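Chemist: Fold the following.
(2 chains, ligands or ions: 2)
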Amino acid sequence: MNPLQTLRIALRALTRNKMRSFLTTLGVVIGVSAVIAMVAIGDGAKARVEATFAAMGSNMLIVLPGTSTAGGAMGGFGSMPTLTWDDLVAIQTEIPTVRAAAPQLRTNAQVMSEEQNWGTQVFGTTPEYFQIRTWPIAQGVLLTQGDVDGGSKVAVIGQTVADKLFGENSNPTGHAIRIKNIPFTVVGVLSKKGQSQWGQDYDDIVIVPVTTYQQKIKGSLKNYVEGSVAVSATSADTTSRAESQIRAMLRDRHRLPLGADDDFSIRNLSEIASAQQEGTRTLTTLLAAIAAVSLLVGGIGIMNIMLVSVTERTREIGLRMAVGAKPADIRLQFLVEALALAVTGGLIGVALGVFGAWRLATSFGWEVLYRPDVIAIAVGFSGLVGVVFGLYPAHKASRLDPITALRFE
Amino acid sequence: MSGRSLIQFQDVAKVYHMGDVEVHALRGVTLGIEQGEFTAIMGASGSGKSTMMNIVGLLDRPTSGTYLLEGEAVSTLSTERLAEVRNRTIGFVFQSFNLLARTSALENVELPMLYANVARAERIRRATASLDRVGLGDRADHHPNQMSGGQQQRVAIARALVSEPRVILADEPTGNLDSRTSVEVMKLFQELGHSGITVVLVTHEPDIAQYASRVIQMRDGRILSDQRQQPKEAVVPPWTDGDEVDAP
Ligand SMILES: Nc1ncnc2c1ncn2[C@@H]1O[C@H](COP(=O)(O)OP(=O)(O)OP(=O)(O)O)[C@@H](O)[C@H]1O
Ligand SMILES: [Mg+2]
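Modeler: Ligands and ions are numbered 1, 2, ... in the order given. Below is the predicted model of the structure:
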């Protein structure tokens, strides 16, 4: 019998018991929708984490002053200055795995243009900072070493600040702003970086030369860096090595005895990133296990209903054999029925999974990423489940003796 | 008996094993049935009639002896080959009709052709012609539950005829029909005989056997008697008369 005809007969048999067929496919539906939803959400989260870390800067380490003793007398990171400007120079010059290092002095301040007023954060740093964070300029120019050396009253502003102070699609370069009432000239606008994973707006920032910052905005602690140090390693592979080298060097420079706690801490952003990806991976594995169990249960359900169907249709099978069906024809017919059940379940599962992931994503503010290859594999796999679990009932049907089958009540 | 018979049994025996018990359903039957013959097989229950029909219809194999169909020793063929020969050469009519439920008469009649890979248009053409032949051309899209027993059996006969078989095997085809409808079916079988199709029929009713041109009596797996006779002509009123059902 030709395959199309076989499929038609199978579909007709299945639509005859619509409710039963539907219930039978549920296991596969749940299994496949779980796979689709979990991959969509997992991939969405991964893409978002990756985008976030791409925005923060590649191979980035942050060195913070203060002890890392949890809840210790020092009162947390950054509370007590322990990093000196010489430490910064040493990090920059003495460690070969470090590509660049820059101070990050930060305060909140009111910033004004001629018409507008906006509360934002002001950063004092050096030109290396833009390189560390891989943050290109959109309009105008970046800060230069000359600006730092001369203590110039120039500023580079983020997109959000540009929008708030000068309106959207404006060109603020060359315009004046006042930070804490001190006049600065805007020399450039940074390209848009978007939001961090935690909803912080990267573009809500004003960046000034570190020297100007110390002289005009916040005052200076003389030898100590009154903030943190951003470091970029030479590559992703050397980031961890750079971290341990910086730690060893700083301990040495601060003359910390063996066994004493660090009086600084180092955050490795790529480690945080991979820890988060590890988290998604664990979740993904868990969901995959759930999906596998549902598919297994779904497959057993299909096998069960196919066995019932073979029994119910014993006379039909006997008749088909009497009029010329070969065992292979009967086997194929039931196999195609099981396959059709499973693939239908798979397709419903895809629809449900896509919809479910989208619903979850919109209500929790997650991102989803649908991958056609995963969808194709899921449908293909449900088909495989149908074939595997349909094999035994189909074989049983094909082995019936036509005489006995025709006499079956 | 000539070796040229369409159906040729040579000392055919069939033994069923039920645990330790051996049931001798056929004990060495030798028989020839010619093309176009209309044979009725009679005999007490358990005498081996159905067993013989199943062997003739290639649904079963003899335990010993040989069966030649169109001169070919079919008892040694593979299951697949048997299915093909059955599909081409033999049409079955059952006591309980065995039509597919919730399937139109036309599609029921098409069934054997599905397994012969006949193209769709040709299937419909031949199925329609076959239904016409049994007087049900106007019922092609009726389902079995919309037809009387007689009509259902005629659909079954149309199905048996559709592959233009050489042999029609009917095991108690009138067992579930009233006497009037039984005569209708007999008339149909007589017409088939005239057109060269060989009909073998099992029946318990002597009335029915009268319409055959040959009557074989069986007992205990053996042929007791084998007589050719002048068949009684089946005369019935037109098909539709009084045979209407809950058709819309
Ligand atoms: N599959 C089987 N297994 C065991 N014994 C069987 C089987 N089929 C038939 N028999 C036995 O073989 C003998 C002949 O059976 P068969 O069905 O041919 O009789 P029959 O003449 O058709 O009877 P009936 O008129 O009741 O239909 C009986 O004794 C029956 O019990
Ligand atoms: Mg019988």
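Chemist: ok, then the element right after the helix or strand containing A:Ile317?
Modeler: A:Ile317 belongs to helix A:314-322 when assigned by DSSP states H and E. Downstream of helix A:314-322, the first helix or strand assigned by DSSP H and E is helix A:327-364.
Chemist: so what secondary structure elements neighbour that following helix?
Modeler: Applying 3 or more CB pairs under 8 Å, 6 or more residues apart in numbering or on different chains; DSSP states H and E, we find helix A:327-364 packed against helix A:3-16, helix A:18-56, helix A:269-312, helix A:314-322, helix A:372-398, helix B:79-89. (Glycine included, C-beta is placed from N, CA and C.)
Chemist: Swap in 7 Å and give it another go.
Modeler: Helices and strands touching helix A:327-364, by 3 or more CB pairs under 7 Å, 6 or more residues apart in numbering or on different chains; DSSP states H and E, are helix A:3-16, helix A:18-56, helix A:269-312, helix A:314-322, helix A:372-398.
Chemist: okay, the very next helix or strand once past the second one in CSV with CA atoms only?
Modeler: Once helix A:18-56 ends, the next helix or strand along the chain (criterion: DSSP H and E) is strand A:60-65. What follows is strand A:60-65, C-alpha atoms only, in CSV (Å, rounded to 0.1, in the frame of the first residue of the first chain):
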residue,chain,number,x,y,z
MET,A,60,37.1,42.7,33.3
LEU,A,61,38.3,42.6,37.0
ILE,A,62,37.4,45.1,39.6
VAL,A,63,39.7,45.7,42.5
LEU,A,64,38.0,47.1,45.5
PRO,A,65,39.6,48.5,48.7
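Chemist: List the strands paired with strand A:60-65, with their directions.
Modeler: Partners of strand A:60-65 in the sheet, by DSSP bridges, are strand A:228-233 (antiparallel), strand A:264-268 (antiparallel).
Chemist: From the chain's centroid, how far away is the shortest one?
Modeler: Right, strand A:264-268. 23 Å (CA atoms, centre = their mean, to the nearest Å).
Chemist: Could I get the buried residue list for that strand?
Modeler: A:Phe264, A:Ser265, A:Ile266, A:Asn268 (16 or more other CB atoms under 10 Å in any protein chain shown).
Chemist: What is the neighbour count of the closest residue to B:Val109 other than its chain neighbours?
Modeler: What sits nearest to B:Val109 in space, not counting adjacent residues and going by CB to CB, 6 or more residues apart in numbering or on different chains, is B:Ala127, at 4.0 Å. Number of residues near B:Ala127 (other CB atoms under 10 Å in any protein chain shown) recorded here: 25.
Chemist: Could the C-alpha coordinates of stretch A:136-148 be exported in PDB?
Modeler: What follows is stretch A:136-148, C-alpha atoms only, in PDB (Å, rounded to 0.1, in the frame of the first residue of the first chain):
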ATOM      1  CA  PRO A 136      33.100  53.600  22.000                       C
ATOM      2  CA  ILE A 137      32.100  57.200  21.500                       C
ATOM      3  CA  ALA A 138      29.000  58.100  19.500                       C
ATOM      4  CA  GLN A 139      29.600  61.800  19.100                       C
ATOM      5  CA  GLY A 140      32.600  64.000  19.700                       C
ATOM      6  CA  VAL A 141      35.800  62.600  21.300                       C
ATOM      7  CA  LEU A 142      36.800  60.600  24.400                       C
ATOM      8  CA  LEU A 143      38.800  62.000  27.300                       C
ATOM      9  CA  THR A 144      42.500  62.200  26.600                       C
ATOM     10  CA  GLN A 145      45.600  61.800  28.700                       C
ATOM     11  CA  GLY A 146      46.100  65.600  28.200                       C
ATOM     12  CA  ASP A 147      42.700  66.200  29.800                       C
ATOM     13  CA  VAL A 148      43.800  64.200  32.800                       C
END
